[in-house]
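*Asks:* below are the sequence and a predicted model for it; my questions follow.
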Amino acid sequence: MSDTSSLENKKPVRGGDGAYTGLCLTATIFLSLATIGTFTASCMIQGVSGTTLAALTLVFALATITAWLSSHAARLRYRLVEASSWKPPQWGRAETNADLENPYIIEFEQGRSIHFWLLGLIPTAIIILAGIYLFFELNKGTEEFFAYQTGQATLLGIFGFIFSCIWLIFARSFESASTDDLPESSGLASTMRELQILCLVTGVMYIAKSWIGSGEGWFTRIYIIWAILVGVELFARLLMGWLNRSTNPTQFTSPVDLTSRSLIFVLGNPISGLFNTLEKKYGISFRSSWAIRFVARATIPAILMVVLLSWALTSMSVVRLGEMGVRINCGKITGEPLTPGLYFKLPWPLGEIKTYPVKQAVRLPIGFSHDEDAEHTGDELHAYLWTETHGEEFELLLGAGHETIVVNAMVVYKIREDKDGFMKYVFSCQNPKDAIESYGYRALMEMTRTKTIKQVLEIDRNAFAMGIKDRLASFCNKNDLGVEIIDVCLLNLHPPVDVAEDYLGVISAKINVKANMIKEEGQRDVKLLQAQQESYAEVVTAKIEANKRISAAQERSSEFLAVGEAYKESPQAFKNRYWLNTIEQSLANKRLVLIDKNLPLYWDMSQQPDAKKPSAMPGLIQAE
């Protein structure tokens with residue numbers, strides 16, 4: 001094939017064996033271990049220090065990819081050396097053997113795909129995406145995000161110096177190698193210089209962290225941006241190397257010699273580095289241009305002047321509207337409080353003007369935890385039932401020690417604006433917020449320890465909040481905290497959430513008892529009303545019956561009196577009449593026959609005379 005013939009006529013590039021190949025492999029292993037160690041440390045350390053180590057991990061990962069690509073390129077060149085010495089077998093038919101492909105060329109093409117994709121493009125793309133994600137996550141950090149520990153920062157600074165020395169040794173070693181022995185030596189040397197300078201800057205930054213404070217976040221952003229730029233250039237070169245298959249395989253080298261690294265970290269002067277890089281790689285020479293040489297020579301002095309001017313500008317500071325400040329010279333507060341305006345001080349780090357937001361009202365939760373960041377997410381506020389868990393709350397012990405309650409209060413305070421009060425805030429207490437919070441809990445305990453849960457739940461909430469406010473104001477004045485208690489808002493009073501079910505069960509039982517009592521009282525009132533109605537009806541009925549009986553008795557007494565009067569008039573006639581009436585009543589509805597032997601007729605007493613048919617002698621029957 002054509003590849004085989006070209007290998008027979010051209011000498012392959014060396015670098016498949018020798019001392020520099022071992023040096024490249026040693027650097028590869030060491031970089032891999034350093035990348036893993038830095039990543040592990042970034043996961044263990046909290047705050048921006050961990051993010052800085054994560055940014056360094058990206059840079060180390062790109063350097064590791066460069067070292068792996070160089071080592072693998074040396075292996076591929078070794079395959080090319082073997083391919084140049086390969087000849088078709090002498091057995092069999094000559095025309096068939098002439099069509100056989102060189103197995104080393106096949107292995108080289110497979111290794112070339114692994115070189116560009118598995119070792120180069122895919123890991124580089126992952127690192128670029130990780131850098132972009134880390135950059136946006138870093139911009140979401142708050143002031144607490146930049147917290148650090150001094151001992152931790154010092155230890156990291158020492159490690160930075162140690163690693164800087166190690167990378168310097170590797171850089172000097174690769175700079176001493178020629179491109180004939182190791183074609184990627186220039187790229188590896190610039191990579192090691194990059195790691196040396198970054199580790200040195202990181203070590204100095206951690207050692208001086210007590211001066212620069214939260215400025216570490218800006219160094220971290222610079223590291224991330226640099227890692228993204230280097231990753232993009234490496235990705236572009238690898239992609240172009242993969243697409244450019246017309247390159248003679250005997251001259252195969254890995255595209256790890258990046259312009260960005262050579263420009264910044266090889267010569268130290270970006271302008272001179274740019275001119276030398278263009279002359280070295282592209283053959284463009286600027287040696288005959290006096291103006292360009294002058295600019296190249298004047299770059300360092302110009303940068304020093306800019307740095308000096310920038311340092312001098314740090315002597316100016318502005319106290320913004322709504323703030324008051326104090327001037328600090330060499331760690332000592334001097335002069336009077338500063339009102340809004342422009343002021344001069346000693347340059348950094350000798351002087352500082354520290355400002356305080358005296359117009360800002362600070363909210364301090366008492367009795368529960370409060371997430372300040374949740375208020376800035378844009379989400380709607382939600383109302384929670386107190387029976388559901390809605391945050392971390394703290395229980396207060398009541399009465400005899402067997403009852404607890406949860407009190408949610410919000411203390412609003414601000415820094416005093418008068419001279420004495422403001423200076424007390426600056427001098428008296430390093431953490432006034434913690435002091436106010438601790439006494440807030442003390443005030444709650446003093447106001448609830450002698451009460452039962454029933455008394456607390458039924459208490460006047462406005463008076464309760466005013467009592468806490470007065471106690472807090474008295475505490476702040478007594479301890480010269482320099483703050484003014486604006487208000488205390490009592491948000492909620494309820495039993496602990498853990499006993500919500502039992503508490504609601506007791507309340508429900510009490511409500512049921514009251515409901516049953518009301519129901520029974522209603523039934524009692526209904527029955528009483530019915531009994532009253534029935535008794536009234538019985539009384540009325542009895543009165544009617546009594547009147548009837550009285551009337552009947554009066555009627556009978558009148559008849560009796562009338563009979564007595566009739567008896568007085570004619571006693572014999574009355575007796576006869578009374579006897580006849582008695583006989584008539586006794587014989588009423590009975591059949592009687594009157595027989596007299598002297599009369600030819602008999603009297604049938606059962607036949608009464610008909611009123612419609614008058615007869616002179618009713619009931620007379622002819623005797624037989």
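*Replies:* Cool, got the structure.
*Asks:* low pLDDT regions in the stretch 251-400 of the chain?
*Replies:* Low-confidence regions of the stretch 251-400 of the chain, defined by pLDDT under 70, span residues 251, 266-299, 369-400.
*Asks:* identify the residues contacting Lys156.
*Replies:* No Lys there; residue 156 is Leu. Ser49, Leu53, Thr202, Gly203, Tyr206 (CB atoms under 8 Å, 6 or more residues apart in numbering). From N, CA and C alone the C-beta is placed, and that goes for glycine too.
*Asks:* and Trp348, its phi and psi?
*Replies:* Dihedral pair for Trp348: phi -60, psi 140, per degrees, to the nearest 10.
*Asks:* oops, could you answer that again for Val306 instead?
*Replies:* phi -60, psi -40.
*Asks:* cool, Leu346 as well?
*Replies:* Note on Leu346: backbone dihedrals following degrees, to the nearest 10 are phi -70, psi 150.
*Asks:* can you get me a residue count around it?
*Replies:* The number of residues packed near Leu346 is 14, by other CB atoms under 10 Å.
*Asks:* what's the answer for the one 3 residues further on, then?
*Replies:* By the other CB under 10 Å criterion, the neighbourhood of Pro349 contains 15 residues.
*Asks:* SS state for it?
*Replies:* Assigned by DSSP: H, G, I helix; E, B strand; the rest coil, the conformation of Pro349 is coil.
*Asks:* which of the three states applies to the residue nearest to Ala465 when sequence neighbours are not counted?
*Replies:* Leaving aside its sequence neighbours, Ala465 sits nearest to Leu490 (CB to CB, 6 or more residues apart in numbering; 4.3 Å). Here Leu490 is strand, with the state taken from three-state DSSP.
*Asks:* same deal with Val412?
*Replies:* Here Val412 takes the strand state, with states given by three-state DSSP.
*Asks:* which ones are touching it?
*Replies:* Contacts for Val412 (CB under 8 Å, 6+ apart) come out as Ala361, Val362, Arg363, Leu364, Ile485, Ile486, Asp487, Val488, Cys489.
*Asks:* kindly confirm my reading that the third one is in a strand.
*Replies:* Yep, that's Arg363 we're talking about. Yes: remark: Arg363 belongs to a strand, assigned using three-state DSSP.
*Asks:* count of neighbours near it?
*Replies:* Counted with other CB under 10 Å, the neighbours of Arg363 add up to 14.
*Asks:* could you measure from it over to Ser428?
*Replies:* According to CB to CB, to the nearest Å, Arg363 and Ser428 sit 22 Å apart.
*Asks:* and what of the fourth one?
*Replies:* Distance, Leu364 to Ser428, by CB to CB: 17 Å.
*Asks:* now the first one
*Replies:* In this structure, Ala361 and Ser428 are 20 Å apart, going by CB to CB.
*Asks:* swap in the fifth one?
*Replies:* The span separating Ile485 from Ser428 equals 16 Å under the rule CB to CB.
*Asks:* of those two, which one has the most company?
*Replies:* Ile485 (23 against 15).
*Asks:* quick check: next helix or strand after whichever strand or helix holds that one?
*Replies:* Using DSSP states H and E, Ile485 sits in strand 483-494. Using DSSP H and E, the helix or strand that directly follows strand 483-494 along the chain is helix 500-569.
*Asks:* sheet partners, orientation included, of the helix or strand where Gly325 lies?
*Replies:* Here Gly325, judged by DSSP H and E, is contained in strand 324-329. If you go by DSSP bridges, strand 324-329 pairs up with strand 332-338 (antiparallel), strand 351-356 (antiparallel).
*Asks:* I'd like the ones you listed as TSV, with mean neighbour count and distance to Ile225 appended.
*Replies:* Converted to TSV, the strands paired with strand 324-329 look like this (neighbours: other CB atoms under 10 Å; distance: least, CB to CB, whole Å):
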stretch	mean neighbour count	distance to Ile225
strand 332-338	13	36
strand 351-356	17	28
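*Asks:* reformat these as CSV; add distance to Arg549.
*Replies:* Putting the strands paired with strand 324-329 into CSV (distance: least, CB to CB, whole Å) gives the following:
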stretch, distance to Arg549
strand 332-338, 110
strand 351-356, 105
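*Asks:* out of these, nearest to Leu309?
*Replies:* When these are compared by CB to CB, strand 351-356 sits nearest Leu309, at 17.0 Å.
*Asks:* export that closest one as CSV, just CAs?
*Replies:* This file holds the C-alpha atoms of strand 351-356, laid out as CSV (Å, rounded to 0.1, in the frame of the first residue of the first chain):
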residue,chain,number,x,y,z
GLY,A,351,-5.0,51.4,55.3
GLU,A,352,-8.7,50.6,55.1
ILE,A,353,-12.1,52.4,55.4
LYS,A,354,-14.6,50.0,56.8
THR,A,355,-18.2,50.9,56.2
TYR,A,356,-21.4,49.9,58.1
